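Peer 1: For reference, the sequence and a predicted model appear below.
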Amino acid sequence: MTAPAVLLRAEGLTRTYRLPRRSLWGPAGRRYALRGVDLELVEGDALGVVGESGAGKSTLIRLLLGLDRADAGTVHYRDREVRPGPARSLTWFRREVQIVLQDPMSSLDPRSRVRDIVAEPLECLRVEGDHDARVDEVLAAVGLDPQTRTRYPHEFSGGQRQRIAIARALAPDPRVLVADEPVSALDVSVRAQILDLLRDLTTRLGLSLILVSHDLGVVQHLCNNVLVLKSGEPLESGPSPQVLGNPQHPYTQALLSAIPTLPTHTPHPKPATLTKPAAPDSARPAFEAGKPGRRSTPPSTKGPAPPAQRARLRPPPVGTSEDPGPGRRPECAPREGPWPPTKPKSFISASTAKPERSASTPASPSWTRCAKRSA
């Protein structure tokens, strides 16, 4: 039986970035994004690249796709070296390797229709054939109605936009599909649908997959091989059941222990019912000796109050001099006159009131004019 061929191979990839200079005389520092990374992707295989943020996953993808130049190391596809350069020099490579980006809304042109978006790699890579028929075919393959090709990206949901991005990547019929965090921007329910779609496509179309993710559950669901990165250095690699099931490196163990898990629900035992022992009749007060469930008023042991005390407790009759009236304290002296006082008819003072004009008083010019007009 012939062993599967190696499609994509990387050897000793190293990439550094220059840091800002901190002094006028000292040399500028450099940061290693990747340091000596090796990987192989076999035909029909699925490789997962995992690591925390800043581990170098996106830099590795850029080097594998020929979008950036490595400081050291090489990338080969089918024993042919991939070198960054003009777009025409990599046309052969773009037909074989396509990518699905993380955020579909930012990777799709909002001014283009779905038909133009999916057919763009066919036109740029000069793929022969009926482009409209190919667009309908890949849209149906990802679970979208071909009639939606006339719509714009903003008319779709997040999961549907990611399906459009996958259809665009499948349009030139590649052999390798690179997925950079393809489900991190989606809801949980939509994420499961996209993962099932990717697994179905890789199985049905015979695609090889490189999945970049920080979610170990997603990698375990899709990939059969895993590469663990930390600060640009490969720490552990191998089959997924071996690396994720029995990790050897402490960093891989820390990644697995950081996965949140829900506690198992165990029903709490019902508390025992406590019954208060009944008190004997001799211990009960005399006023509780009546019917059960009722509390009668205890009999008073005092006699009737004396007349002077009853007079003090009785409220004074209303309208008498002893009645303090509303708003008055009892210790205040009663007000002379009726209560409440009667409201005066007018509050205008005598100094501001107009004197009434008598018949002998001559009328003012304005009054005279008004009288002539009324006459």
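Peer 2: Looks like it came in fine. Since the structure is predicted, the reported quantities are computational estimates derived from the model, not experimental observations.

Peer 1: CA-only coordinates of the biggest helix by length in the chain in CSV, if you can.
Peer 2: When the chain is parsed with DSSP state H, its longest helix is helix 188-205. Backbone C-alpha positions of helix 188-205 (Å, rounded to 0.1, in the frame of the first residue of the first chain) are rendered in CSV as follows:
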residue,chain,number,x,y,z
VAL,A,188,-22.1,28.4,20.0
SER,A,189,-24.9,26.9,18.1
VAL,A,190,-23.7,28.3,14.7
ARG,A,191,-20.1,27.2,15.6
ALA,A,192,-21.2,23.6,15.8
GLN,A,193,-22.8,23.8,12.4
ILE,A,194,-19.7,25.3,10.8
LEU,A,195,-17.5,22.7,12.4
ASP,A,196,-19.7,19.9,11.1
LEU,A,197,-19.6,21.5,7.7
LEU,A,198,-15.8,21.6,7.6
ARG,A,199,-15.5,18.0,8.7
ASP,A,200,-18.0,16.9,6.1
LEU,A,201,-16.2,18.9,3.3
THR,A,202,-12.8,17.5,4.2
THR,A,203,-14.2,14.0,4.1
ARG,A,204,-16.3,14.3,1.0
LEU,A,205,-13.9,16.4,-1.1
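
Peer 1: Give me the buried stretch members for that helix, please.
Peer 2: 190-191, 193-195, 197-198, 201-202 (16 or more other Cβ atoms under 10 Å). (C-beta placed from N, C-alpha, C; glycine too.)

Peer 1: Among the residues you listed, which one sits closest to Val212?
Peer 2: Leu198 (12.9 Å; Cβ to Cβ).

Peer 1: Any stretches of this protein with poor pLDDT?
Peer 2: For the chain, residues meeting the criterion pLDDT under 70 lie at 1-2, 262-375.

Peer 1: can you give me the strands in the stretch 1-150 of the chain?
Peer 2: Secondary structure of the stretch 1-150 of the chain, counting by DSSP state E, counting those that start in this stretch: strands at 6-18, 30-42, 46-50, 72-77, 80-81, 97-100.

Peer 1: Single out the most deeply packed of these.
Peer 2: For the strands of the stretch 1-150 of the chain, average neighbour numbers computed from mean count of other Cβ atoms under 10 Å are highest in strand 46-50, which has a mean of 26.

Peer 1: hmm, back to that, contacting residues around the longest helix of the chain?
Peer 2: Under the criterion Cβ atoms under 8 Å, 6 or more residues apart in numbering, residues 46, 141-143, 157-159, 162-163, 166, 170, 177, 179, 182-183, 186, 207-209, 218, 221-222 lie in contact with helix 188-205.

Peer 1: end-to-end on stretch 17-25?
Peer 2: End-to-end distance of stretch 17-25: 20 Å, with Cα to Cα, to the nearest Å as the criterion.

Peer 1: Correct me if wrong: Thr252 contacts Ser240.
Peer 2: No. Counting by Cβ atoms under 8 Å, Thr252 stays clear of Ser240, with 11.8 Å between them.

Peer 1: List the contacts of Lys230.
Peer 2: By Cβ under 8 Å, 6+ apart, the contact set of Lys230 is 51-52, 55, 251.

Peer 1: Thanks a lot, catch you later.
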